[in-house]
Structures are given as C-alpha cells and as structure tokens.
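J.: Model the structure of this input:
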Amino acid sequence: MGLGPVDVVIIGFPGNKFTGQIAPAILELVENRTIRIIDLLFVSKDSDGVVTTFEIADLDPEIGPSFLAVEVSQPGALDFDDAEEISEDLPANSSALLVAFENTWASRFTDAIRAADAVVIDQIRIPANAVEELLS
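T.: Below you'll find the predicted structure:
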C-alpha cells in the first residue's frame with residue numbers, strides 16, 4: 001500500500017498553557033491506524049520574541065510523559081526552519097505544537113487513484129472551528 005496524504009497541523013497555546021491533554025487523542029488515532037506521526041515539534045516564543053524549539057524529553061516532567069508514548073517515525077522532519085516559519089504568526093509569550101502526520105486511512109484511496117491513472121489536482125482542508133462557525 002502507498003502512502004496517504006501528509007498534513008502538518010499547528011496548534012497554538014496562548015500564554016504557554018501547554019498541558020499535554022492532546023496526547024491521548026493523538027495516541028488513539030495512531031492506535032486505530034488512522035494516522036502515523038511523522039514528527040512533533042514544540043515551539044515557544046518568549047515575551048522578547050525569542051523562538052525556541054523543544055524535544056519531547058525537554059518538556060516539563062508532568063507533560064512530557066504523555067507524549068513519550070507517541071511513536072515518531074521521522075524525528076527531525078520538522079526543524080528550526082519550520083519553527084521560524086510559524087514564528088511570525090505566534091504571539092509573544094505563547095507556544096505551539098507542530099504535528100506532521102500521514103493520513104494512513106487514505107492510503108487505499110491514494111492507491112485507487114494511482115491505479116485509475118488519475119491524479120489529485122488539489123486538496124483543501126477546512127479547520128473544524130471554521131466549519132462549526134459556518135454551521136452555527
């Protein structure tokens with residue numbers, strides 16, 4: 001089976017309020033083989049605008065263990081250049097989690113497209129909060 005499409009999601013944490021509560025949801029998606037984690041990158045921007053990246057092991061001991069269980073297939077795929085790229089949109093005194101993941105659920109669909117000698121021209125992802133706002 002081929003690869004499914006890859007997404008990078010950037011999740012912001014105003015005021016650096018990162019608790020690790022996202023880890024169980026990520027683990028569930030991995031265990032259900034819905035996604036495969038390619039890489040995780042934690043980024044922080046201090047009050048002076050200095051951007052720092054963190055490895056899972058560098059996180060607060062109360063937060064880090066929840067992410068240590070997440071298997072990363074290509075550590076280093078996301079790097080400081082990616083952190084720099086998002087830093088303009090990251091307010092001072094906040095942090096972000098970049099999650100690169102393969103949509104393994106779509107690999108069969110991708111194989112079918114190739115077998116039909118077809119190509120994906122474009123793919124559009126609409127964030128859940130935008131859909132919720134539109135439908136309310």
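
J.: Taking the centroid of this protein, which residue is nearest it?
T.: Most central in the chain under C-alpha atoms, centre = their mean is Val99, positioned 1.6 Å from the mean C-alpha point.

J.: Can you tell me the SS state at the closest residue to that one other than its chain neighbours?
T.: Once flanking residues are discounted, Val99 sits nearest to Val9: 4.9 Å by C-beta to C-beta, 6 or more residues apart in numbering. No exception for glycine: its C-beta is placed from N, CA and C like everyone else's. Under DSSP: H, G, I helix; E, B strand; the rest coil, Val9 falls in the strand class.

J.: do the same with Ile37
T.: Assignment for Ile37 (three-state DSSP): strand.

J.: Correct me if wrong: it contacts Ala77.
T.: No. Ile37 lies out of contact with Ala77 (C-beta atoms under 8 Å); the separation is 10.0 Å.

J.: any idea how far stretch 9-21 is from the chain center?
T.: Centroid displacement of stretch 9-21 relative to its chain, using C-alpha atoms, centre = their mean, to the nearest Å, is 12 Å.

J.: buried sites along it?
T.: Using 16 or more other C-beta atoms under 10 Å as the test for burial, stretch 9-21 gives 13, 18.

J.: what's around Phe101, how many residues?
T.: Neighbour count of Phe101, defined by other C-beta atoms under 10 Å: 23.

J.: For it, which residues are in contact?
T.: By C-beta atoms under 8 Å, 6 or more residues apart in numbering, the contact list for Phe101 reads 6-9, 29, 35-38.

J.: Which of these sits closest to Asp117?
T.: Closest approach between the contacts of Phe101 and Asp117, by C-beta to C-beta: Val6, at 22.5 Å.
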